[in-house]
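Enquirer: What follows is a predicted protein model with its sequence.
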Amino acid sequence: MALAVVIMAAAPDASAQPAPAVIRGDAAATVGWLAANSHAAGEFYNGDWISSFYGAASAGWHWTDNLKTEVDFGAGTPSRIFRSEQVVIDGRPAYYTVESRFSRRTVGVSQQYQFFHNVWFHPHVAVGANFTWERETERPDQIYVYNAVTQQSRSLPPIRGDSARTSLQVNPFVALGYKAYLSDRAFFRNDLRIAFRGGIDETTLRIGFGFDF
């Protein structure tokens, strides 16, 4: 009887305890490595992959403990490639080099499924789309022409001036990663993202830190 009285007296206090905090969203900053298809093309060149250092900031909203929508903003450092072009001068073929510089800015929107509940390690998978702004700047080099009579080469000014263009592409992607908690709110994150554009167009490996709110 005395035990029952004690339990009944303690019940109101127990019910008054605050509920565990619910995760509504999270934010993170990441750095990593970006490898992308340049899509540059020429008579003697069919494109090549470029790589750059990459940084991003992301924010996510949890619809449930497992389902999250995430938006991230990222940018890669400039990278460059060289290719050869041909031109005919005085009836003879001559070649010159074109330097192409690339820089990418991205906005990614994804739907993520996070496995497990209330544990320190959360793997996840995601599908989404990248809005990619790619700026390409071309700088042709001088043209070198060989004279068979004098057996000497001479240089000519570039056949055209520098040029620049910016294109926007929307590419689907898949991602695989995880969050590992350092405390109740702070976490370490790591993921691999693969985007497609007529095949694999871009891969991004990221690591960083964030917090829940």
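Expert: That came through, no problem.
Enquirer: what separates the longest strand along the chain from the chain centre, distance-wise?
Expert: The strand spanning the most residues in the chain, taking DSSP state E as the definition, is strand 92-114. Averaging C-alpha coordinates over strand 92-114 and over its chain gives two centres that are 12 Å apart (Cα atoms, centre = their mean, to the nearest Å).
Enquirer: Ok, stretch 89-109 next?
Expert: Centroid displacement of stretch 89-109 relative to its chain, using Cα atoms, centre = their mean, is 22 Å.
Enquirer: in that stretch, what's buried?
Expert: Residues 94, 96, 98, 100, 102-104, 106, 108 are the ones in stretch 89-109 that count as buried (16 or more other Cβ atoms under 10 Å). C-betas here are computed from N, CA, C, even on glycine.
Enquirer: Repeat that for stretch 63-76.
Expert: Buried positions in stretch 63-76, judged by neighbour count with 16+ other Cβ under 10 Å: 68-70, 72, 74-76.
Enquirer: Over to stretch 135-145?
Expert: By neighbour count with 16+ other Cβ under 10 Å, stretch 135-145 contains the buried residues 136-141, 143, 145.
Enquirer: State the next helix or strand along the chain beyond the longest strand of the chain.
Expert: Heading C-terminal from strand 92-114, the first helix or strand you meet, by DSSP states H and E, is strand 121-140.
Enquirer: the helices in the protein, which residues?
Expert: 2-15 (DSSP state H).
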